[in-house]
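Trainee: sequence first, then the predicted structure:
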Amino acid sequence: MASSNRAIVRGIADTFTQAVAQYFGDGPTDVEAAKRQHEGYVNALSGFGVDVKILPADNDFPDCCFVEDQVIICDGKGLLTVSGHDTRVGEQEVVANAINDDIELSKMEPPARMDGGDVMKFGDTYICGISSRTNVEGVQVLREFVAPLGYTVHEIPVPPNALHFKSITSCPAPGMIIAPETFFAEDAFPEGADLIWIPAEEVYGANTIAFGNTLLVPEGYPATHKILRERGFELHAIDMSQIRAADGSLTCLSVFY
Ligand code: GLY
């Protein structure tokens with residue numbers, strides 16, 4: 001769910017074809033198309049009433065559009081992560097500076113590592129994936145960050161065929177989680193979660209952003225869209241093909257703060 005009505009995003013680097021990619025695709029091939037898709041994403045957020053601040057891309061960082069990984073926001077405070085991928089560490093400063101005036105920031109330190117893509121707010125719980133990017137030390141720092149704010153952390157293993165927890169899930173409404181069949185055991189999720197299972201072959205369709213009853217969804221996942229409509233959601237689909245090719249999902253492209 002969109003957790004506030006303001007967000008930062010960051011443009012697509014001219015070097016986007018060099019973005020790290022090993023899960024959903026072999027890497028983007030068309031930077032201009034990626035820029036158009038990113039513009040479509042920004043327009044969609046704006047159309048839902050989000051005040052979007054656009055940060056310029058940095059060609060030294062092909063993955064810089066994936067701002068979500070750099071900071072976890074919780075009730076007006078921010079935890080700057082230690083990026084789970086060495087090539088992405090230098091993306092953070094610009095993101096931190098963009099929210100510094102509004103958000104009180106603290107900083108995770110190594111050996112803790114975390115990508116924001118592994119962290120999902122779920123009521124008064126933060127579900128945190130343990131993945132190739134997020135380690136147990138990172139989860140402990142997250143726990144210490146959210147505990148004084150009244151939240152707990154629920155750890156969940158991210159299967160080796162997925163980048164981040166939220167690459168393959170999302171929370172479309174309070175208490176609900178969209179997840180692909182076969183990727184998780186049912187009891188891996190917090191007790192009482194209303195799980196919406198989608199076909200494994202449509203795994204990319206699991207990541208959505210909710211604006212009330214309308215879900216921003218990636219184009220092209222018909223079985224998933226049918227399931228979501230049957231659950232009563234309206235859908236707003238956008239082309240994410242080049243973003244997907246860099247292992248990026250809808251939530252990866254923004255930080256709501
Ligand atoms: N391409 C996004 C990532 O690997 O972090």
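Mentor: Nice, thanks for sending it over.
Trainee: quick check: residues of this structure near the ligand?
Mentor: Ala19, Val20, Ala21, Asp63, Phe66, His85, Arg88, Leu163, Ala246, Asp247, Gly248 (CB under 6 Å from any ligand atom). Where C-beta positions appear, they are placed from N, C-alpha and C, glycine not excepted.
Trainee: for ChimeraX, what selects the buried ones among the residues you listed?
Mentor: A single ChimeraX command selects the buried members of the residues of the chain next to the ligand (16 or more other CB atoms under 10 Å):
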select :19,20,21,63,66,88,163,246,247,248
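Trainee: okay, the residues of the chain next to the ligand in CSV with secondary structure, pLDDT and distance to Glu181 next?
Mentor: Putting those into CSV (DSSP: H, G, I helix; E, B strand; the rest coil; pLDDT from 0 to 100; distance: CB to CB, whole Å) gives the following:
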residue, secondary structure, pLDDT, distance to Glu181
Ala19, coil, 98, 28
Val20, coil, 98, 27
Ala21, coil, 97, 24
Asp63, coil, 98, 29
Phe66, coil, 98, 26
His85, coil, 98, 28
Arg88, helix, 98, 30
Leu163, coil, 98, 18
Ala246, coil, 98, 25
Asp247, coil, 98, 21
Gly248, coil, 98, 23
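Trainee: for the residues of the chain next to the ligand, which one is nearest Ala237?
Mentor: Gly248 (16.3 Å; CB to CB).
Trainee: and the gap between the closest one and Met240?
Mentor: 8 Å (CB to CB, to the nearest Å).
Trainee: ok and the residue in this structure nearest the ligand?
Mentor: The chain approaches the ligand most closely through Val20 (3.6 Å), counting by CB to the nearest ligand atom.
Trainee: wait, doesn't that residue sit right on Phe66?
Mentor: No - using CB atoms under 8 Å, Val20 makes no contact with Phe66, being 9.4 Å away.
Trainee: give me the common contacts of those two.
Mentor: Residues touching both Val20 and Phe66 (CB atoms under 8 Å, 6 or more residues apart in numbering) are Arg88, Ala246.
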